[in-house]
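Enquirer: Show me the folded form of this:
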Amino acid sequence: MGKYFGTDGFRGEANKDLTFDHAIKIGRFLGWYYGANQGKKAKVLIGKDTRRSSYMFEYALCTGLMASGADAYIMHVTTTPSVAYITRIDDFDCGIMISASHNPFYDNGIKVLNGNGEKMEEETLLKVEEYIDGKIDIPVAEREMIGRTVDYVEGRNRYIGYLISMSKYSFKNVKVGLDVANGAAWQIAKSVFNALGAKTYVMNDSPDGYNINTDCGSTHIEHLQKFVVEKGLDIGFAYDGDADRCLCVDEKGNVVTGDHILYVYGLYMKERGKLMNNKVVTTIMSNFGLYKALDKVGIEYEKTKVGDKYVYENMIQTGNRIGGEQSGHIIFSKYATTGDGILTSLKMMEVMLAKEKPMSELAAPCVFYPQVLKNVRVKSKPEAQNDPAVQAAVKKVAEELGDDGRILVRESGTEPVIRVMVEAGSDEICEKYVDEVIDVITKGGHLAD
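Expert: Numbering: from 1, shown residues only. Here you go, the predicted structure:
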C-alpha cells in the first residue's frame, strides 16, 4: 500500500483527509498519463455514490482530467461494479468510482480502475502519489487539446440491461425485499428486479446526501430481517453504499452471510460441473463453519489475505470462478472483475428457483461457529507476532482445538494492533483460548504504553 491509496482506493474524511485538491491532482495525472503521455486523448469514466461530497469530487476530478486533455464520461450516481463493467466493455482507458463504500456520509473515497475494470496496478498509483506530492511535473492541455465532459448515463442503462440478461429465470410471484442503503443501488436494484417480474419491496431508497449507510444496508441488516418477516417476503437482499457487497436474509429472517453465499453457490456450481478446480476462494477470516460445510460436500478451498483485492488476484492466477468475503464481497470472475452486490443477489435467486427450495434450506448446512475476536495494542506487531512464547501458545491452542475449531493471530494492516481470533463450539471456549494467548503477549512485554 502507498501513502494515500490503500487496498480499496484513497479514502478518508472529505476535505480533511481526502480533499478537493487531491481529486484535481488525481484527475490531472490520470488525464495526462493515459492521454498526452501516450500521444492521444484519454477517455476516463466516472461514477459516484449518493453522499454529498461525491458531487464535489466528481467536478474536481473532471476539472483535473480536462485540464490534462482527457474527456471525462460521467455516469452520475451508479455502483462500483457498473463502473468496472462499462470501463471494460466500452474501451475506456480507466475508470474512477467516488465512494467510501460502507463508511458514513462524511467520508469519501476515490477508487481507480484500469482499462480491464480491475483495481489499478500499484505501480501506477505510486506515480499518482508522486504527482500529488509535487515530485512530478506534467503540462496542461491548451487550445483544441483541452478536454470536455460527456453525459454517459447510457452506460448505467447498459449495465442494468446486462444484469437483467444474467437471469435464467422469471422472478414472477417471488416477493423480494431490497435494502439499498440510501446509496448507489438506489435506482438500479429495483429496476432490475421489477424487469424480471419480482414483487419488489424496497427500503432506504430516499438518499439525501447524508443518510447513506446510516442505520441501514448490509452493515445494519437487522432492519431488513424485521422487514422480511413483517412483510412475509421470500427473501431479502441488503447492499452497502456502492453496492459491491450483498448480504441476504432468508424467509425466516435469518442472516445469510458472504460465507453462506459461497457455500450455496459453490455447491450449485459443483452440482452442474461448473466449479473450476473444484475450489472456492475465501479469506482467512471466513468462518470455520464454512470450511466444515465445504469439506462435507467435497469442495476444496483457498485462503487469501483479507480484502477482495487478494481474492480476485487469486482467482485470476488460478482460474477459480467464485470467491469472496464473509462481509458479502462475492466475485463471480466469469461475469465481473469486482464484487457486485446486485449480481450476487441474482445468483442467489437463480439457485432458489433452480432447486425450488427456500434460502433457509439451501444455507442450513453452513453452520457458523461461535467466534471471539480481541485486539491487542502492541509496541511492535512483528515482534509480538514472532515471539517464540506467543507462537508456542498459538500452537498449543490449535492442537487442543483440533478439528473442532481454529485460532488465527494476525497483524492489523492499519493500526498498531494484533488481532487474536478463536472459533470453537462455544463462546466460553473461544474466550478461554483468546485470553490465554493475550496473556502470553502481555507477559512478553509487548503491550503499547
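
Enquirer: and this protein, what are its domains?
Expert: 5-156, 167-363, 371-443 (automatic domain parsing).

Enquirer: lowest-confidence stretch among these?
Expert: Here the lowest mean pLDDT among the domains of the chain goes to domain 371-443, at a mean of 92.

Enquirer: Distance from that domain to the middle of the chain?
Expert: Here domain 371-443 is found 26 Å from its chain centre; the criterion is C-alpha atoms, centre = their mean, to the nearest Å.

Enquirer: same check, this time on stretch 242-258
Expert: 14 Å.

Enquirer: Just the terminal-to-terminal distance for it.
Expert: With C-alpha to C-alpha, to the nearest Å as the measure, the ends of stretch 242-258 fall 17 Å from one another.

Enquirer: Tell me the buried residues in it?
Expert: Buried residues in stretch 242-258, defined by neighbour count with 16 or more other C-beta atoms under 10 Å: 242-251, 253-258. Any C-beta I mention is one placed from the backbone N, CA and C, and that applies to glycine too.

Enquirer: And for stretch 262-281?
Expert: Neighbour counts over stretch 262-281 (16+ other C-beta under 10 Å) mark 262-270, 275, 279-281 as buried.

Enquirer: likewise stretch 111-128?
Expert: 111-115, 117-120, 124-125, 127-128.

Enquirer: Of the residues you listed, just say which sits nearest to Met97.
Expert: Closest approach to Met97 among the buried residues of stretch 111-128 (C-beta to C-beta): Lys111, at 4.4 Å.

Enquirer: Tell me which helix or strand comes right after the helix or strand where that closest one lies.
Expert: Assigned by DSSP states H and E, Lys111 belongs to strand 107-113. Downstream of strand 107-113, the first helix or strand assigned by DSSP H and E is helix 122-132.

Enquirer: Can you list the neighbours in contact with that following helix?
Expert: For helix 122-132, contacts defined as C-beta atoms under 8 Å, 6 or more residues apart in numbering pick out 1-5, 22, 25-26, 28-30, 33, 112, 114, 136, 138.

Enquirer: Of the residues you listed, which belong to helices?
Expert: Under the assignment DSSP state H, the contacts of helix 122-132 contribute 22, 25-26, 28-30, 33 to helices.

Enquirer: Looking at those, which one is closest to Ile212?
Expert: His22 (20.6 Å).

Enquirer: Let me see the contact set for the closest one.
Expert: His22 neighbours (C-beta under 8 Å, 6+ apart): 4, 10, 110, 132.

Enquirer: so the second one, which of the three states?
Expert: Looking back up the chat, that one is Phe10. Counting by DSSP: H, G, I helix; E, B strand; the rest coil, the backbone at Phe10 sits in strand.

Enquirer: Touching, it and Thr19? I think so.
Expert: No: with contact defined as C-beta atoms under 8 Å, Phe10 does not reach Thr19; the gap is 10.3 Å.

Enquirer: returning to what we had before: what angle sits between the strand holding Lys111 and helix 122-132?
Expert: 130 degrees (axes from the mean of the first three to the mean of the last three C-alpha atoms, to 10 degrees).

Enquirer: Need the CA coordinates for strand 107-113. PDB is fine.
Expert: Output in PDB follows, covering the C-alpha atoms of strand 107-113 (Å, rounded to 0.1, in the frame of the first residue of the first chain):
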ATOM      1  CA  ASP A 107     -16.100  10.000   4.500                       C
ATOM      2  CA  ASN A 108     -15.400   9.500   0.800                       C
ATOM      3  CA  GLY A 109     -13.000   7.700  -1.400                       C
ATOM      4  CA  ILE A 110     -11.600   7.600  -4.900                       C
ATOM      5  CA  LYS A 111     -11.200   4.100  -6.400                       C
ATOM      6  CA  VAL A 112      -9.200   3.900  -9.700                       C
ATOM      7  CA  LEU A 113      -9.700   1.000 -12.100                       C
END
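
Enquirer: So which elements touch it?
Expert: Under the contact criterion of 3 or more C-beta pairs under 8 Å, 6 or more residues apart in numbering; DSSP states H and E, strand 107-113 touches strand 9-13, helix 20-33, helix 53-67, helix 80-89, strand 94-98, helix 122-132.
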